[in-house]
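Enquirer: With the sequence up front, the predicted model follows.
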Amino acid sequence: MKRVLALAGTAFLAAGLAGGAQAQTELTFSTWVPTSHTLVTYGFVPWFQEVEKATGGKLKFRVLPKPVAAPNQHYDAVVKGQIDVSFATYGYQPERFMPYLIAELPQLGETAVDNGVALWRIHKKYYEKLAIHKDVHLIGVMTHGPGMMHHTQKPIMTPADLKGQKIRVGGDVPKAIVEHFGGVVITQPAPKSYEILSQGIADGIFFPGESLRSFNITKLVPHTTYVKGGLYSSSFWFGINKAVYEKLPADVKEVLDKMGGEAFARFMGEKSWDRADAESLALAKENKNTFQHAAPELVAELTKLTAKLEADYAAQLDKLGLPGKQVIADFRAEVAKVAAGK
């Protein structure tokens with residue numbers, strides 16, 4: 001076999017196979033969550049397999065055993081060609097990706113599919129022209145399911161229950177919630193969750209349901225508080241090195257584009273996030289964990305905070321030349337459409 005280095009960094013083409021087989025491109029994928037995480041096993045790996053099948057084997061993906069960089073450095077790792085393909089949470093670089101934090105506002109959709117598909121539609125309608133992802137080729141976006149509050153010692157039901165509690169958060173919206181209710185913010189990457197909870201560094205954590213099992217914290221946080229539409233969500237980008245993408249054959253790029261975008265958000269929401277949420281919460285119930293809706297006074301106070309967060313966010317969008325209030329209204333409308341099957 002004659003192998004020729006191709007594209008950027010780690011991608012290569014294997015060409016000239018006996019019998020005139022088609023050239024094949026293998027792309028490296030770095031994940032900062034464990035390779036055993038359901039996002040990888042339920043989501044990315046099956047999606048990679050679907051792409052490989054749709055391209056007739058022309059495109060393959062290799063999941064690296066260890067991340068090439070810290071979670072908040074993966075975008076630049078793709079830009080520089082250290083890896084070909086990756087993803088990360090927008091909230092890890094909030095200033096850089098501010099418009100996409102719209103999906104992290106409280107009380108949105110009931111599923112990852114609802115929020116993720118709506119986010120892609122808003123990207124196409126408003127954000128794409130901002131060229132925020134100009135240094136990579138954006139394959140798609142996604143969100144996890146409704147964020148909940150998980151605690152080691154007690155259910156957090158009322159505003160007073162959160163006061164003084166040390167809560168690990170990821171992103172500006174969960175941070176604002178904890179601070180608003182008088183809690184102490186702990187900021188550590190998601191993979192450190194077991195460590196900070198087991199050592200008492202944090203009393204609780206904001207996470208979607210799937211993370212209980214994915215980060216092995218089901219028994220550490222036996223008390224979960226839920227708010228309709230979620231306390232928050234986390235939004236993610238998924239992209240490929242721009243030079244790598246541009247040098248792919250036209251038919252391969254066509255497959256990536258077709259299976260990216262809204263289709264990607266729906267695939268990852270349904271096959272990974274929402275499925276893992278259901279399985280993880282079922283496991284937690286087997287462990288006799290408690291699941292309770294927040295008290296009306298906490299929900300009412302959260303609704304007031306949500307209005308303030310939306311006003312502040314709309315003002316930031318206005319500065320980018322976008323109609324901030326309208327963007328938020330359209331996003332919530334899209335969430336409702338997706339939930340209704342539209």
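Expert: Nice, I can see it.
Enquirer: so residue 138 is in which element?
Expert: Under the criterion of DSSP states H and E, residue 138 resides in strand 136-143.
Enquirer: low pLDDT regions in the protein?
Expert: 1-22 (pLDDT under 70).
Enquirer: picking that back up, against which helices or strands is the helix or strand that the strand holding residue 138 is followed by packed?
Expert: Next in sequence after strand 136-143, counting helices and strands by DSSP H and E, comes strand 148-151. Counting contacts by 3 or more CB pairs under 8 Å, 6 or more residues apart in numbering; DSSP states H and E, strand 148-151 packs against strand 204-207, strand 223-226. Quick note: C-beta positions are derived from backbone N, CA and C, even for glycine.
Enquirer: any chance of those strands in TSV, plus distance to residue 244 and mean neighbour count?
Expert: TSV is the format used below for those (distance: least, CB to CB, whole Å; neighbours: other CB atoms under 10 Å):
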stretch	distance to residue 244	mean neighbour count
strand 204-207	33	27
strand 223-226	41	20
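Enquirer: Out of those, flag the one nearest residue 131.
Expert: strand 204-207 (31.1 Å; CB to CB).
Enquirer: I'd like to know which elements that closest one is packed against.
Expert: Partner elements for strand 204-207 (3+ CB pairs under 8 Å, 6+ apart): strand 148-151, strand 166-168, helix 172-180, helix 193-198.
Enquirer: Name the stretch among the ones you listed that sits most buried.
Expert: Of all those, strand 148-151 carries the top mean neighbour count, a mean of 27, counting by mean count of other CB atoms under 10 Å.
Enquirer: Columns distance to residue 123 on top of the helices and strands packed on strand 148-151, output as TSV?
Expert: Supplementary listing: the helices and strands packed on strand 148-151 in TSV, determined by distance: least, CB to CB, whole Å:
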stretch	distance to residue 123
strand 204-207	24
strand 223-226	28
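Enquirer: Which one of those strands lies nearest to residue 326?
Expert: Checking those against residue 326 by CB to CB gives strand 204-207 as the closest, at 28.6 Å.
Enquirer: Show me what the helix or strand following that closest one is packed up against.
Expert: Next along the chain after strand 204-207, taking DSSP H and E as the criterion, comes helix 211-214. Judged by 3+ CB pairs under 8 Å, 6+ apart, helix 211-214 is in contact with helix 275-286.
Enquirer: One more pass at 10 Å, please.
Expert: For helix 211-214, the elements it packs on are helix 38, strand 148-151, helix 193-198, strand 204-207, helix 275-286, judged by 3 or more CB pairs under 10 Å, 6 or more residues apart in numbering; DSSP states H and E.
Enquirer: could you dump those to TSV with distance to residue 247?
Expert: TSV is the format used below for the helices and strands packed on helix 211-214 (distance: least, CB to CB, whole Å):
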stretch	distance to residue 247
helix 38	32
strand 148-151	43
helix 193-198	39
strand 204-207	39
helix 275-286	34
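Enquirer: and residue 78, which of the ones you listed is closest to it?
Expert: helix 38 (22.5 Å).
Enquirer: and the next element down the chain from the closest one?
Expert: Note on helix 38: by DSSP H and E, the next helix or strand toward the C-terminus is helix 45-54.
Enquirer: Can you list the buried residues in stretch 63-74?
Expert: Judged by neighbour count (16 or more other CB atoms under 10 Å), stretch 63-74 contains these buried residues: 67, 68, 69, 71, 73, 74.
Enquirer: could you check the distance from the fifth one over to residue 324?
Expert: It refers to residue 73. According to CB to CB, to the nearest Å, residue 73 and residue 324 sit 30 Å apart.
Enquirer: Take the helices and strands packed on strand 204-207 and lay them out in TSV including distance to residue 140.
Expert: Formatted as TSV, the helices and strands packed on strand 204-207 follow (distance: least, CB to CB, whole Å):
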stretch	distance to residue 140
strand 148-151	25
strand 166-168	27
helix 172-180	22
helix 193-198	26
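Enquirer: Which among those is found nearest to residue 270?
Expert: Nearest of the helices and strands packed on strand 204-207 to residue 270, taken as CB to CB: strand 148-151 at 19.5 Å.
Enquirer: list the contacts for residue 256?
Expert: The contact partners of residue 256, taken as CB atoms under 10 Å, 6 or more residues apart in numbering, are 51, 54, 55, 59, 85, 137, 139, 140, 240, 245, 248, 264.
Enquirer: List the residues that contact the fifth one.
Expert: With contacts defined as CB under 10 Å, 6+ apart, the neighbours of residue 85 are 10-11, 27-31, 44, 48, 61-63, 78, 136-137, 139, 238-241, 244-245, 256.
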